[in-house]
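Asker: A structural model of the following input is requested.
(chains A and B)
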2 protein chains.
Amino acid sequence: MTTTDHGRSPVTMRDVARAAGVSVATVSHVVNDKPGARIGEDARRRVQEAVLELGYRPNALAKTLSQGSSRFIGLVADAIATTPFAGQIIHGAQDEAWKHGYVLLVANTDGNTAAETDAIAMMLEHQVQGILYSTWYHREIVVPETLRQTDTVLVDCFAPGSGLPAVVPDEEQGGRTATEVLLAAGHTRIAFINTTTPSPAQSGRLAGYRAALEAAGVPFDDALVLPAAPEQEGGYACTRQVLASQATAVFCHNDRVAMGLYDGLREHGRRVPEDIAVMGFDNQEVIAAHLRPPLSTVALPHYELGAAGVRVLLGIDEAADGLRRIACPPVARASIAEPRS
Amino acid sequence: MTTTDHGRSPVTMRDVARAAGVSVATVSHVVNDKPGARIGEDARRRVQEAVLELGYRPNALAKTLSQGSSRFIGLVADAIATTPFAGQIIHGAQDEAWKHGYVLLVANTDGNTAAETDAIAMMLEHQVQGILYSTWYHREIVVPETLRQTDTVLVDCFAPGSGLPAVVPDEEQGGRTATEVLLAAGHTRIAFINTTTPSPAQSGRLAGYRAALEAAGVPFDDALVLPAAPEQEGGYACTRQVLASQATAVFCHNDRVAMGLYDGLREHGRRVPEDIAVMGFDNQEVIAAHLRPPLSTVALPHYELGAAGVRVLLGIDEAADGLRRIACPPVARASIAEPRS
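Answerer: Prediction:
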């Protein structure tokens, strides 16, 4: 087993394809000497020359052994199944890993410590380049000890004092953006239904709401911040308080809360957006895009969190002060109109 | 590089753990000679003996090379991001792979042919044991040629004449079960809002609906089958037809349709379930569990599809006639009551 001439990083099929000016599929066909594949003689020759020149070795595992590390990046997630969100993190991480010639090894642990230890051990056995450790909602975590054995980036979570870089959504900017959208439509009496669960989302979105009001010269009124369970039932239960507050617009902690509030408002004969404007958070597609009227909201950037995690791991992006905040962009639909004068 | 004594399948850390009567984490600590790990002398000795006896090699990739195939199973999915469903397939496949000492390599292709070819080539390079090829909704596909180079199982899709085994949801049983739940509650005039999109779900659920009615001695009435786009907007648009049909119960093609129908019924002053019973399909948790009232439905068994796919690939389960149908179980919530007499 020999190593390649240029010792930096393993040569991939993509490198060969680029050098030969052909597709990866063509390289695969030539390298694996697949009978029946229709490859022109010219392309075949270019691939063979590129293979020799770059020192490409078709067996990825042999290549890994000769290099001492693999083209794998591990992703440990605490919950894929229960949320469409984690899937987006995986999707972003995979696309980005792929772009740089890496393959993602995914492990779902369901928050089970034994499964997590097993998953990390397996990834270390496979000599991963590093591990993305992700949670399905933004929170503070305690870092598993075994992660110290490889490069690790935290995704959608953070661990102060751990020294590990973290990529998280910018909750404060998201809250500010949501409020600014309502202010821009002419609202000044804006209620905020916030979650009762302590979290970066709870404090960050509130801080953003306050910052936007302050910047617009609208006094903050504590009575307009309404606590609710962060799901449909919480939004529904909040309806009377919303109406009593005389708010002309409501910023909801998430889209599920907005969905419940829609039901409550409808029961009280109020129309969205004619009688009251509603802004969500999350952009949970299956809900936000299909409510009546479709819900304007702010997107949690899960795809971008996964992609940025890979870039930080590979040293392409920096995480200043250990934390990289990803913007939550607004998504305009049809739940906001000007206040009735 | 030597091979192990017993040439059948590579020895895993799990085998060592089992033989030594300790956890995989303990084996990992001993094998990687991690300083600071608190492992008792007795456990350490048992692990070392098991390692020698079984011929375990801590480097998974070296092991793979010596065996000619890896402990990887590939999963190619056409869409992770746009649906919570695909995540469940991955979750089930991963848990089952894990159970048998395999690691899942996941690739999301977004239905892009070039990405798909790349993903499969990469998996072949890593000498996967086989590939699960999955789609996020049940449909007929054309099998990519490159899949012929390894063992392949189709998951949530099928390709007649391809000779490849397929694991799919039992749409007909699901439709029958949904209808039977409504019949058991005393309904006999049951509308069925079916999708306008030709698919195994469209034909299978209709066949199940008819079979259940026939078994109960209720004549099939074509006027009770209402076509609709398979989302909230379709269900909402169907409201007048549902009311005109005088049905006392409605079986909806999916939970999203039911969500739209809820809105329409509410606008017409009809209560669920007192005035009309509603049954969904899919068990899309974020919707079904949180509608008012929570929606009774039939679950698409995505987790089980993934797990069964791995079992068929490893030869643990058989796919008789090339097709393994997975049952869609009923999920009782609060949207069904007896008809008003």
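Asker: residue contacts, residue A:162?
Answerer: residue A:143 (Cβ atoms under 8 Å, 6 or more residues apart in numbering or on different chains). Heads up, the C-betas are built off the backbone N, CA and C, glycines and all.
Asker: Can you check the pLDDT for it?
Answerer: Note on residue A:162: pLDDT of 92.
Asker: That one and chain B, how far apart?
Answerer: 17 Å (Cβ to the nearest Cβ, to the nearest Å).
Asker: Just the helices from the stretch 51-200 of chain A, written as ranges.
Answerer: Assigned by DSSP state H, counting those that start in this stretch, the stretch 51-200 of chain A shows helices spanning A:60-67, A:84-99, A:113-125, A:171-184, A:200-215.
Asker: could you give the angle of the third one to helix B:84-99?
Answerer: Read that as helix A:113-125. 80 degrees (axes from the mean of the first three to the mean of the last three Cα atoms, to 10 degrees).
Asker: Ok, the last one next?
Answerer: Helix A:200-215 runs at 150 degrees relative to helix B:84-99, counting by the same axes, to 10 degrees.
Asker: hmm, who's touching helix A:200-215?
Answerer: Helix A:200-215 is contacted from outside by A:137-140, A:168, A:170-180, A:183, A:190, A:192, A:194-195, A:219-220, A:225, A:251, A:253, A:281, using Cβ under 8 Å, 6+ apart.
Asker: May I see the ChimeraX selection of the buried members of those residues?
Answerer: Buried members of the contacts of helix A:200-215, defined by 16 or more other Cβ atoms under 10 Å in any protein chain shown, are picked up in ChimeraX with:
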select /A:137,138,139,168,170,171,172,173,174,175,176,177,178,179,180,183,190,192,194,195,225,251,253,281
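Asker: Report how many residues lie close to the closest residue to residue A:255 other than its chain neighbours.
Answerer: Using Cβ to Cβ, 6 or more residues apart in numbering or on different chains and skipping the chain neighbours, the partner closest in space to residue A:255 is residue A:280 (4.0 Å). Neighbour count for residue A:280, taken as other Cβ atoms under 10 Å in any protein chain shown: 30.
Asker: quick revisit: tell me which of the helices of the stretch 51-200 of chain A sits most buried.
Answerer: Comparing these by mean neighbour count (mean count of other Cβ atoms under 10 Å in any protein chain shown), helix A:84-99 ranks first with a mean of 24.
Asker: picking that back up, pretty sure the residue nearest to residue A:255 contacts residue A:261?
Answerer: No - if you go by Cβ atoms under 8 Å, residue A:280 and residue A:261 don't touch, sitting 9.4 Å apart.
Asker: Quick check: neighbours shared by those two?
Answerer: By Cβ under 8 Å, 6+ apart, the residues touching both residue A:280 and residue A:261 are residue A:252.
Asker: For residue A:18, see how far away residue A:104 is.
Answerer: From residue A:104 across to residue A:18, the span is 21 Å (Cβ to Cβ, to the nearest Å).
Asker: and the stretch 151-300 of chain A, which of its residues are near chain B?
Answerer: A:231-233, A:236, A:256, A:259-260, A:263, A:266, A:284-287, A:290-292 (Cβ under 8 Å from any Cβ of the partner chain).
Asker: how about a cut-off of 6 Å?
Answerer: Neighbours of chain B within the stretch 151-300 of chain A, by Cβ under 6 Å from any Cβ of the partner chain: A:232, A:263, A:290, A:292.
Asker: before we move on, the earlier item: give the contact list for the residue nearest to residue A:255.
Answerer: Residue A:280 sits next to A:252, A:255, A:258, A:288, A:295, A:297 when contact means Cβ atoms under 6 Å, 6 or more residues apart in numbering or on different chains.
Asker: The fifth one contacts residue A:336, correct?
Answerer: No - applying Cβ atoms under 6 Å, one finds residue A:295 not in contact with residue A:336, separated by 9.4 Å.
Asker: more neighbours, these two?
Answerer: Set side by side, residue A:295 and residue A:336 show more neighbours around residue A:295, with 28 against 22, by other Cβ under 10 Å.
Asker: Now do the contacts for that one.
Answerer: With Cβ under 6 Å, 6+ apart, residue A:295 has these contacts: A:258, A:280, A:288, A:333, A:335.
Asker: Swap in 10 Å and give it another go.
Answerer: Taking Cβ atoms under 10 Å, 6 or more residues apart in numbering or on different chains, we find residue A:295 in contact with A:252, A:255, A:258-259, A:262, A:272, A:278-284, A:287-289, A:331, A:333-336.
Asker: and if you look at residue A:330?
Answerer: Applying Cβ under 10 Å, 6+ apart, the residues near residue A:330 are A:174, A:177-178, A:180-181, A:184, A:279, A:283, A:296-299.
Asker: Show me the two of these that sit farthest apart.
Answerer: Maximum pairwise distance in the contacts of residue A:330, criterion Cβ to Cβ, is 18.5 Å, between A:184 and A:283.
Asker: just for the stretch 51-200 of chain A, where's the confidence low?
Answerer: A:57-69, A:80-86 (pLDDT under 70).
Asker: Please repeat the previous calculation with a cut-off of 90.
Answerer: The model of the stretch 51-200 of chain A has pLDDT under 90 over residues A:51-72, A:77-91, A:94-95, A:98-128, A:135-137, A:145-150.
Asker: Who are the packing partners of the strand ranked longest in chain A?
Answerer: For chain A, the strand with the greatest residue count under DSSP state E is strand A:131-140. Judged by 3 or more Cβ pairs under 10 Å, 6 or more residues apart in numbering or on different chains; DSSP states H and E, strand A:131-140 is in contact with strand A:72-77, helix A:84-99, strand A:103-108, helix A:113-125, strand A:152-158, strand A:166-169, helix A:200-215, helix A:302-313.
Asker: Buried subset of the contacts of residue A:295, written for PyMOL?
Answerer: In PyMOL, selecting the buried portion of the contacts of residue A:295, with burial taken from 16+ other Cβ under 10 Å, looks like this:
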select buried, chain A and resi 252+255+258+259+262+272+278+279+280+281+282+283+284+287+288+289+331+333+335+336
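Asker: just to revisit the earlier point, please identify which of residue A:104 and residue A:18 sits among more neighbours.
Answerer: Set residue A:104 next to residue A:18 and count neighbours by other Cβ under 10 Å: residue A:104 wins out with 24 against 14.
Asker: what's that one in contact with, if anything?
Answerer: Taking Cβ under 10 Å, 6+ apart, we find residue A:104 in contact with A:72-75, A:90-91, A:93-98, A:128, A:132, A:306, A:310, B:105-108.
Asker: closest one to residue A:160 among the helices of the stretch 51-200 of chain A?
Answerer: Taking Cβ to Cβ, helix A:200-215 is the member of the helices of the stretch 51-200 of chain A nearest to residue A:160, at 11.5 Å.
Asker: That'll do, ta.
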